[in-house]
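S.K.: Predicted model and sequence follow; I will ask about them next.
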Amino acid sequence: MSCCWFLSLISLNLLSNGGVMTTKTSWLDDGGRIFMKLWNLISESGYKFHHHYSQYIGSRKVRKNWWRKLLWAWIGFWIVVSVWVFWYMNSQAYEKRKEMLSSMCDERARMLQDQFNVSMNHIQAMSVLISTFHHGKNPSAIDQNTFARYTERTAFERPLTSGVAYAVRVRHSEREEFETEQGWSIKQMDGVEQTPVHEDEYDPADLEPSPVQEEYAPVIFAQDTVAHVISVDMLSGKEDRENVLRARELGKGVLTAPFPLLKTNRLGVILTFAVYKRDLPPNVSPTERIQATAGYLGGVFDIESLVEKLLQQLASKQTILVNVYDTTNISHPISMYGSNMSTDGLQHISALNFGDPFRRHEMHCRFKQKPPWPWVAITTSIGILVIALLIGQIFHATMNRIAKVEDDYHQMMELKKRAEAADVAKSQFLATVSHEIRTPMNGVLGMLQMLMDTDLDETQQDYVRTARDSGKALVSLMNEVLDQAKIESGKLELEAVCFDLRAILDDVLSLFSGKSQGVELAVYISDKVPEILVGDPGRFRQIITNLMGNSIKFTEKGHIFVTVHLVEEVVEESMEVETESPSSGTLSGLPVADRRLSWKKFRIFNQEGSATSLSPSSTDQINLIVSVEDTGQGIPFEAQSRVFTPFMQVGPSITRTHGGTGIGLSISKCLVHLMKGEIGFVSLPQIGSTFTFTAVFTTGYSSVNDQKSQQINNQPKSISSEFQGMKALLVDPTPVRAQVSKYHIQRLGIHIEVIHDLNNIKFGNTIINMVFIEQEVWHKDLGLSTLIVNKLNGINCKVTPKVFLLSNAISSIRANFSASSVSPPFIIMKPLRASMLAASLQRAMGFGNKGNYRNGELHTLSLRNLLRGRKILVVDDNRVNLRVAAGALKKYGADVVNAERGKEAISLLRPPHHFDACFMDIQMPEMDGFEATKRIRAVELSINNRLQCGELPLEAYENVSNWHVPILAMTADVIQATNEECQKCGMDGYVSKPFEAEQKARSLRHRSVFIFVVNFSQLKMCFLQSNHDVYNRQIFFSGDFIMHHWSCIQRACRWT
C-alpha cells in the first residue's frame, strides 16, 4: 500500500511540473501528455485499491487463486493498453509528418507559380510593345538587332525564360513577297521535332521549306539564345499550330505540351501570346480577334532549369523530392521534372496554375529519407508496460505479505492492549502508592503540628520542627513524581478560575521569606497587568515556586528578583533600551545576566513585525512574561543544554550539596507549554541566572472599561482602605529597589515620592504621613538619620510623620540600636508584601484594635474562637486521620463529630440536622465517599422537593426549605480525586492529604458557604453558592494577616 501511495505522490509532483515538462521538446507535446494521463490513471487506481483494501480485504484472508487471476488480468489489460498507446502515438507522428510534407510542397508550388506569372506578365508586355512599334509604325521601328539587344538587356526580368521570339502572320498570297523581303524562305518545323539534334549540330539551312498552306507564322525576331528558330514556321507543327490558333482566338497566353527543346534536348514549354494590329475592346468576338491578329510572341520555358533554380533558393530546406507533371491527359501524364524513384510511400500533390485553363499541371512531393523509428511511442508504451508489471509485482508481493501483516497486526493489537493495561496499572499503582503514603503522612504531620501547639522547650520545638520539615520535603518530592507521571501520560489538565496574581506572588514570597538568609527577595508587577486573571493559580504558583526554590538553593548573596509584565511592554522596552547596558542598575547592585537574552529565542519575539503581531486575538487575552533573576552560582555552560531534562542534575557535587530530584524545571517547562507559553534562560557562571517564561491568561473583568480603570488605579481595596490619600516619602539611592518598594506601598493607596538622600527631605507645609528609609541609607550616616528623625518628630503639625525602616535582617538592626541611644523607628521586614505591609502600618499608625507593635515584632493573635458554634462532621475510616482532622478543627473552636463509615454519615446528615459542613474521605470500606455523597444528595433532593410541594411540614425541618450541606472530599489520591470527579457526585470541593497545620471549616449562613483553609502558612478564601458554582473571585492572604481581616471576612460572609 505504501508503494501505491508513493507512486501517487510522484504523480502529483509530475503533474505540478507538467507545464514545464511538456514544453521542453517537441516529442513531449504528444507523448508527454499521454504519459501523464496514464500515470494519473495508475495513481487513481492505486488510491482506489488502497481504499478498498483497507475497507474489505484488510480484515480478511485473501484467496491465493483469486489474486493470481486478478494479476494475469492486470498484466493482459496493460499489454493491450501499451499496444494501443504505441499505435496512437505512431499515428500521431505519421499525421504530423504528413502535415509537414504538405506544407513544404505547397510552399514550393506557390513560389514556382508566382515566378512563372512574373515572366508571363513581362512577355505579355512585350507583345504590346511589338504591336505599337512594329505594326503601328511605318516603316517599323524594330528589327532583329533591336529586338535581340532589347531582349538580352531585359532578360533579368524573365528569369524563367530561356528565349523569346516573334512570328509574324503571313498569308499565302504574301509569302513570295515576304521571303524576298526577308532574304530567306519559310522553313518547316515537323522535321525538327521528329529528329532533335544538339546545338552544335543544328543548322537552319538544313530545314525543308514549309509546304503550301493558307497562312504561315515564320519567326522574324528572336533572342540570341533562340536565334536558330528564325525563319521556322510556327504553324507547320501540329501542336504548335493548335496553340497559336487558340492564342489568337482567346487573346490570352497558352502553353504547349512539354517537348524537347531545340539544340538543348531538354523538356520545355512555349508560352504564346497573340499580337494584334490595334487595341481591341474587351467584348470583341473570336472572329474579330483572328482578323486583327498581326503575329505571335512566344517565350520558351526550360522547366527543368526553372525548378532547379527554385530548389536552389530553398536549399536550406531541401529535405523532399519534387516532380512536376503535365496532367492535361490524366491517363498519360507527362513528367516535366524529377525522377520516378520513391523511397517512401508518403506523397503529397499540389496543383500548379500557369494561366492556361486548358492545360493542368501538378507538383508531386516526397521525403528524401525514410521516416525515423517512433522511439517516443516505443519508449512510452514499453515504459507503461514496465510500470504496470512493476505494480503487478508490488501487488503480488503485497498479497503474499498480507497474511504476515495480519499476524503482525494482531500481535500489535495484543501488545497495544498490554501497553494500555500497563499504563492503567501504572496510574493505579501511582494512585495506590500516593494514597498509602499520604494517609500515614497525614497522621505524622498532623500529630507533629498538634505536638507543636503543646508546651515544649526550645530543643523539643527544634526536633518537632525538623521532623515536620522532613515530612513536608517527602510530600513535596512525592508531588513532583506524581506530576511527572501525569505529564508523561498526558493527563495533566489546567483549571480556569479567577485568581489574584499579586496575591499569588505575595504568597510565594511568604513561603520563602524565612529561607533566604542574606539574600533580598523582591517582586514587581507592572501596573498594566490586570489584578484578576482567569487561569490555573495552583500551577502558576508551582512554576514560580520551582524557579524561586532553585534560585534560593544556589544564591548566597545578592538578590532574587521576580518581575511580571505584559509581553507588549517588554517589546516596547527592548526597542527603547536596546543600546543600554543590562546591568546599569540592579536590585542589590551586583551584576546579573542580561534577561533579554533569556527570551531571545522565543517564537513570539522572532516574528516579523513583532510589535504588531503581539496584539492578542481577543480583547480579554493577556500575554504575560515572567522573569526570575538571581545573583547565584550560575549554571556551567556545559550543563545548560540539559537543564530541562527530567531527573538530570548539573553535576554530582551540586546534587550532594543542594539535593533535589531534578524534575522541577522539567515540570515547569511542561506547565508553561500547557499555558501556551515558552520558557528560556540565560546564565553566567559566578554571575547568576535569569529564567523567563510566558503564559497566556484571560482577564477576569466583565468589560474592557473595567480593565482600564483597574490599570489606572491598581489597588487591592479588599486589603485595606485606611491609607487612601496618605502621602509618604521613600529614601532609597538604588533606582530598582526604590521602584519595587514604591510598587508595594502604592498598592495600599498611598501617594509616595522617591528621594535618593536624607538631605533631600523638605520640611515645608506639605503634610507627610510617613517616611520609609532604606536600611542602607540609615546606617550610612547614623547621626544624620537621628537628626532627620528628631526634626520630623518636632514638626508642629496635626500629624506627626511616622518613620519606617525597611530592613532584611532584624537581628543586625537590634544590635545597632542597642549600641546607640537612638530611639528605634518602626521596622518593616522584607520581602515586602501588601498584607504584611498593611498590618505593620496599621499597628504603627494605631488604626483599630490591632494589638501593639513593639521592637519590630508582630504578635500572633488567637484564632481559637474563629469557628466557635460551627458543627462539622468528619468521615474517615482511619482513626489517626480522624484525630488529626478533629484536632485541627477543634483548635479553632469547631464542634466536631467523627464517623468511620459512609453509611453512618448518611444517617447523620439526613435532614433535619445541625451540621454546618462535612469532610468526607473518598476511599472507605463498604461504601466510598463518592457513593455516600450521591446518596446524601439524593436524600436532600427528595426532601427539598417534598417540602416545596407541601408533602412535608416545614416546621418539622426547622423552617429550612432547601437543605444542602457543604461536603468536601478528603483524599490522598491526587490523580483520581480531581475537582471534576468530586463535582460529578455532588461534592463542593476537595482537600488533599496530608493537611498538616490546616484549618478546615465550613459555616452555613443564608445559603452561602465560607471555606477557610490554611496550607503552608496561607489562607485561601472562596465563596460557594448553594448551586455548587464557584464564586468568581479568590483572595489569598498571609497567615500573619488573618486576624486583621477577620472582620472583613465576617462582613463578606454576612456573619453577625
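M.R.: On my side now, so go ahead.
S.K.: in the stretch 901-1050 of the chain, which ranges drop under the pLDDT threshold?
M.R.: 972-979, 993-1050 (pLDDT under 70).
S.K.: try 50
M.R.: 976-977, 996-1050 (pLDDT under 50).
S.K.: Only the buried residues of the longest strand along the chain, if you could.
M.R.: Counting residues, the longest strand found in the chain (DSSP state E) is strand 688-699. The neighbour-count criterion (16 or more other Cβ atoms under 10 Å) identifies 688, 689, 690, 691, 692, 693, 694, 695, 697, 698, 699 as the buried residues of strand 688-699. All C-beta atoms are positioned from the backbone trio N, CA, C, and that covers glycine.
S.K.: The first one and residue 588 touch, don't they?
M.R.: Pointing back at residue 688 there. No. With contact defined as Cβ atoms under 8 Å, residue 688 does not reach residue 588; the gap is 10.3 Å.
S.K.: what residues are shared contacts of these two?
M.R.: Overlap of the contact sets of residue 688 and residue 588 (by Cβ atoms under 8 Å, 6 or more residues apart in numbering) consists of 558, 631.
S.K.: on that earlier part again, could you dump the buried residues of strand 688-699 to CSV with pLDDT?
M.R.: Shown next, in CSV, are the buried residues of strand 688-699 (pLDDT from 0 to 100):
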residue, pLDDT
688, 93
689, 93
690, 94
691, 95
692, 95
693, 95
694, 94
695, 94
697, 94
698, 91
699, 85
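S.K.: For the one helix or strand residue 469 maps to, give the mean pLDDT please.
M.R.: In this structure, residue 469 is located in helix 458-489 according to DSSP states H and E. For helix 458-489, mean pLDDT is 77.
S.K.: That helix: what's the following helix or strand?
M.R.: The first helix or strand that comes after helix 458-489 along the chain, using DSSP H and E, is strand 497-500.
S.K.: other SSEs contacting that next one?
M.R.: strand 532-535, helix 537-554, strand 1030-1038 (3 or more Cβ pairs under 8 Å, 6 or more residues apart in numbering; DSSP states H and E).
S.K.: From the rest of the structure, what touches the shortest one?
M.R.: Okay, so that is strand 532-535. With Cβ under 8 Å, 6+ apart as the criterion, strand 532-535 contacts 494-501, 622, 675, 695, 697-701, 710, 1033.
S.K.: repeat that for 6 Å
M.R.: Residues from elsewhere that reach strand 532-535 (Cβ atoms under 6 Å, 6 or more residues apart in numbering): 496, 498, 501, 697, 698, 700.
S.K.: Tabulate the residues you listed (CSV), appending distance to residue 778.
M.R.: Below are the contacts of strand 532-535 laid out as CSV (distance: Cβ to Cβ, whole Å):
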residue, distance to residue 778
496, 47
498, 41
501, 32
697, 40
698, 44
700, 41
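S.K.: Quick check: the two most widely separated of the residues you listed?
M.R.: 496 and 501 (14.7 Å; Cβ to Cβ).
S.K.: the more surrounded of those two?
M.R.: residue 501 (22 against 10; other Cβ atoms under 10 Å).
S.K.: for the more buried one, what are its contacts?
M.R.: Per Cβ under 6 Å, 6+ apart, neighbours of residue 501: residue 533.
S.K.: Give me the local confidence score for residue 613.
M.R.: For residue 613, the predicted pLDDT is 48.
S.K.: Same check on the one 10 residues further on?
M.R.: If you check residue 623, the pLDDT there is 92.
S.K.: Double-check that it belongs to a strand.
M.R.: Yes. Judged by DSSP: H, G, I helix; E, B strand; the rest coil, residue 623 forms part of a strand.
S.K.: Tell me who's in contact with it.
M.R.: By Cβ under 6 Å, 6+ apart, the contact set of residue 623 is 567, 696.
S.K.: can you pull up the bridge partners for it?
M.R.: Per DSSP bridges, the residues bridged to residue 623 are residue 696.
S.K.: quick one: it and residue 629, what's the gap?
M.R.: 20 Å (Cβ to Cβ, to the nearest Å).
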